[in-house]
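1. Sharing a model prediction with you, sequence too.
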Amino acid sequence: MPGAIYAEGLVKTFGDVRALDGVDLDVPEGTVLGLLGPNGAGKTTTVRCLTTLLRPDSGRAVVAGIDVLEQPDAVRRSIGLSGQFAAVDEYLTGRENLQMVGQLYQMRAKAAKERAAELLEQFHLADAADRPTKTYSGGMRRRLDLAAALVVSPPVMFMDEPTTGLDPRNRQQLWEVIKQLVSGGTTLLLTTQYLEEADHLAHDIAVVDHGKVIAKGTSDQLKARTGGERVEVVVHEREHIQAAAEVLAGFGKGDTTVEEHMRKLTAQVTGGAKLLAEVIRELDNRGIEIDDIGLRRPTLDDVFLSLTGHVAEAKNEENDGTDKEAVK
Amino acid sequence: MSAVTDTVRVAPAANPVSQSIRDSMVVAKRNLIRMSRIPEMIIYGLIQPIMFVVLFTYVFGGSMQIGSSTSAVDYKNFLMAGIFAQTVTFATASSGAGIADDMHKGLIDRFRSLPMARGAVLTGRTLADSVQTALTLVVLAVVALLVGWRVGSDGDTNLGKVLGAFGLLLLLGYAFTWIGALIGMSVRTPEAATSSGLIWLFPVTFISNAFVDTSHMTPWLRHIAEWNPFSATVQACRVLFGNPGQSQSDAWPMQHPVWASLIYSILILVVFRTLAVRKYRSATA
């Protein structure tokens, strides 16, 4: 049985640009999928196709058990969307915004009013509830936008870069809110350019580049693909570098890299903490004094680099705005 | 599963017509609240037509010939129907800019992801703009009376006819807001919507009977002016107000201005509503 969000071979072209080039996704009910990729990779276009905003040229999509292309209206009743830009009316108060959204979800006026009050409380916006949202801070606006997506507690949620542009403190806060939400059983598809964010929030990660899913798996599985962990040693004396390199050669799987000026050696290993203890013992036996030693696991940055041949962040700047262009 | 019980909050799908009306009202309310929070927009919306009344009355008034009369009083009574009609068409720019702004800020995306009636976002906006138009017309009528405009100055009239004229004006304005809605859905920025919403209005309102007597125009221009949908409403207002300068032309819209005004306005409304809603359905921000 397909998951709460299911896509098969989604293709969407804009002129010459093949924004989606056969996207396949399967998100089991109650889990979080992080769609990770640089700007222009097709993340936003994927979300727009799944939320009925855009009709794919070909492919199939099922959300909450409903065919997106055949019954878009029924899908809209079962989803919440929180966009890249905080889509709330800046001249309306927080309360008025939420009431309006509730009514447009076809709630009765009274129910919409009660629900708005509930959400304002839950998202710590009660004090600002009756102020126009243009007086809100960036973080408050994102929270309101998220609240608007949750008015009917939809079983399936989509969040398109929910924390882009937020400062670290507000990002942390929003993460907490998202975690609470997911613990309540909501299925979530989240797009992000922040590797850390996907690592933090998502059960599964799909890496997207050039309109295709180029890798799928848990964070750990993806990291394992990049060649596993490394031991990093910083020796105290420059003359010990050679001796330390010999030690590491005995444990490592490949070449040991040496950064002379930093007195730092790095070797790929397998075996985790147990191995690290053995390395320390051996260094100690040979009287090599060390300043620092550690086991470094690959970050999603490393994953991205090994999958695409370029770093995610660097590509952003080059291609800034291509995703938006492509959507137009 | 909590999600299932929660979706019960959503009322069962109503019949499409009543849902459409209800959704349009929710959106209209939103736009009216918005307008009330930006009072300067309403005030500027009022200053412009008032300025036109004063400038045309006092600057042009003495040198215009209406029929065979060059009296400033006749021009004043002739002018007001034209100013009223021009004023209602300016709502086009406001609708266009408002909708372009919603597109730009991502609100249209939010609306399009909600299970609401497809045309309601645009209907709500155009209705709210028409409420503002009605308000502007009331203020403008008072100013017109203050500078000396009188209904029945050159013919029969009664309260019903005067209200009928304002009804035609509102209908014309409402039809034109849908042109604005289409423009708003088609351009990328609110600024572009404002300027492209106004530019074409100048030839439409000036190549007409609004400010001058068309009988003095070059023949080809006169034909355009007499068949201009905008002229039909102006002529209808002059007839219903009993004001001077009614066209004596044989052109059908000038002979049957009330019918012509109704037919034109409804035609514009239907055509542009269809186009704008179609655009909305496939819109991408």
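-> That came in fine, so what should we check first?
2. from here on, contacts and neighbour counts on C-alpha atoms
-> Will do.
3. at contact distance from chain A, anything in stretch B:98-106?
-> Yes: on the criterion Cα under 8 Å from any Cα of the partner chain, stretch B:98-106 is in touch with chain A at B:105-106.
4. if we look at that stretch, which residues are touching it?
-> Identification of contacts with stretch B:98-106 by Cα atoms under 8 Å, 6 or more residues apart in numbering or on different chains yields A:83, A:85-87, B:108-109, B:122, B:125, B:181, B:184-190, B:193, B:285.
5. do stretch A:89-101 as well
-> Applying Cα under 8 Å, 6+ apart, the set of residues contacting stretch A:89-101 is A:88, A:109, A:112-113, A:115-117, A:120, A:125, A:128-134, A:144, A:147-148, A:151, B:26-27, B:30, B:33-34, B:37, B:107.
6. for it, which positions count as buried?
-> Residues A:89-101 are the ones in stretch A:89-101 that count as buried (16 or more other Cα atoms under 10 Å in any protein chain shown).
7. Filter those residues down to just the ones in helices.
-> Among the buried residues of stretch A:89-101, the ones falling in helices (DSSP state H) are A:94-101.
8. Tell me which of the contacts of stretch B:98-106 fall in helices.
-> Those of those lying in helices (DSSP H): B:108-109, B:122, B:125, B:181, B:184-186, B:190, B:193.
9. so which of those are also by chain A?
-> Answer for the ones in helices among the contacts of stretch B:98-106 near chain A (Cα under 8 Å from any Cα): B:Asp109.
10. Now for the ones in helices among the contacts of stretch B:98-106: which two are most distant?
-> The span of the ones in helices among the contacts of stretch B:98-106, defined through Cα to Cα, is set by B:Asp109 and B:Ala193 at 18.5 Å.
11. And the two? Which one has more around it.
-> B:Ala193 (28 against 23; other Cα atoms under 10 Å in any protein chain shown).
12. Can you give me the distance of the more buried one to B:Trp200?
-> 12 Å (Cα to Cα, to the nearest Å).
13. same check, this time on B:Ile268
-> 15 Å.
14. what does B:Ser36 give?
-> 28 Å.
15. quick one: contacts for A:Tyr194?
-> Applying Cα under 8 Å, 6+ apart, the residues near A:Tyr194 are A:Leu36.
16. avg pLDDT for stretch B:205-221?
-> Average pLDDT, stretch B:205-221: 93.
17. what's that stretch in contact with?
-> So stretch B:205-221 is contacted by B:64-67, B:78-79, B:81-83, B:85-86, B:222, B:224-226, B:228, B:230-231, B:234-235, B:245, B:247, B:249 (Cα under 8 Å, 6+ apart).
18. Can you check my assumption that A:Leu189 lies in a strand?
-> Yes: read with DSSP: H, G, I helix; E, B strand; the rest coil, A:Leu189 is one of the residues of a strand.
19. is it true that it touches A:Gly34?
-> Yes: the criterion here is Cα atoms under 8 Å, and A:Leu189 meets it with A:Gly34 at 6.2 Å.
20. can I get the buried residues of stretch A:89-101 in JSON lines with pLDDT?
-> Converted to JSON lines, the buried residues of stretch A:89-101 look like this (pLDDT from 0 to 100):
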{"residue": "A:Asp89", "pLDDT": "93"}
{"residue": "A:Glu90", "pLDDT": "93"}
{"residue": "A:Tyr91", "pLDDT": "95"}
{"residue": "A:Leu92", "pLDDT": "96"}
{"residue": "A:Thr93", "pLDDT": "97"}
{"residue": "A:Gly94", "pLDDT": "96"}
{"residue": "A:Arg95", "pLDDT": "97"}
{"residue": "A:Glu96", "pLDDT": "97"}
{"residue": "A:Asn97", "pLDDT": "96"}
{"residue": "A:Leu98", "pLDDT": "97"}
{"residue": "A:Gln99", "pLDDT": "97"}
{"residue": "A:Met100", "pLDDT": "97"}
{"residue": "A:Val101", "pLDDT": "96"}
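21. Nearest to chain B among those?
-> Closest approach to chain B among those (Cα to the nearest Cα): A:Tyr91, at 5.5 Å.
22. Just the CA atoms of stretch B:43-53, as CSV, please.
-> Extracted C-alpha coordinates of stretch B:43-53, given in CSV (Å, rounded to 0.1, in the frame of the first residue of the first chain):
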residue,chain,number,x,y,z
ILE,B,43,-8.3,59.2,0.7
TYR,B,44,-6.1,59.3,-2.4
GLY,B,45,-8.8,57.5,-4.3
LEU,B,46,-11.2,60.3,-3.4
ILE,B,47,-8.8,63.3,-4.0
GLN,B,48,-8.2,62.4,-7.7
PRO,B,49,-11.9,62.5,-8.9
ILE,B,50,-12.5,65.6,-6.7
MET,B,51,-9.6,67.3,-8.3
PHE,B,52,-11.0,66.4,-11.8
VAL,B,53,-14.4,67.9,-10.9
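23. average model confidence for that stretch?
-> The model assigns stretch B:43-53 a mean pLDDT of 88.
24. Disregarding residues adjacent in the polypeptide, which is nearest to the residue nearest the centre of chain B?
-> Closest to where the C-alpha atoms of chain B average out (Cα atoms, centre = their mean) is B:Gly173, at 1.8 Å. Nearest non-adjacent residue to B:Gly173, counting by Cα to Cα, 6 or more residues apart in numbering or on different chains: B:Val88, 4.6 Å away.
25. Output the contacting helices and strands for the helix or strand containing the one you found.
-> B:Val88 is part of helix B:72-89, with elements assigned from DSSP states H and E. Judged by 3 or more Cα pairs under 8 Å, 6 or more residues apart in numbering or on different chains; DSSP states H and E, helix B:72-89 is in contact with helix B:39-55, helix B:120-146, helix B:159-186, helix B:229-241.
26. change it to 6 Å
-> For helix B:72-89, the elements it packs on are helix B:159-186, helix B:229-241, judged by 3 or more Cα pairs under 6 Å, 6 or more residues apart in numbering or on different chains; DSSP states H and E.
27. okay, the angle between the next helix or strand after it and helix B:120-146?
-> Going down the chain from helix B:72-89, the next helix or strand is helix B:91-105, by DSSP H and E. With axes from the mean of the first three to the mean of the last three Cα atoms, to 10 degrees applied, the angle from helix B:91-105 to helix B:120-146 works out at 150 degrees.
28. Helix B:91-105 to helix B:159-186, inter-axis angle?
-> Counting by the same axes, to 10 degrees, helix B:91-105 lies at 30 degrees to helix B:159-186.
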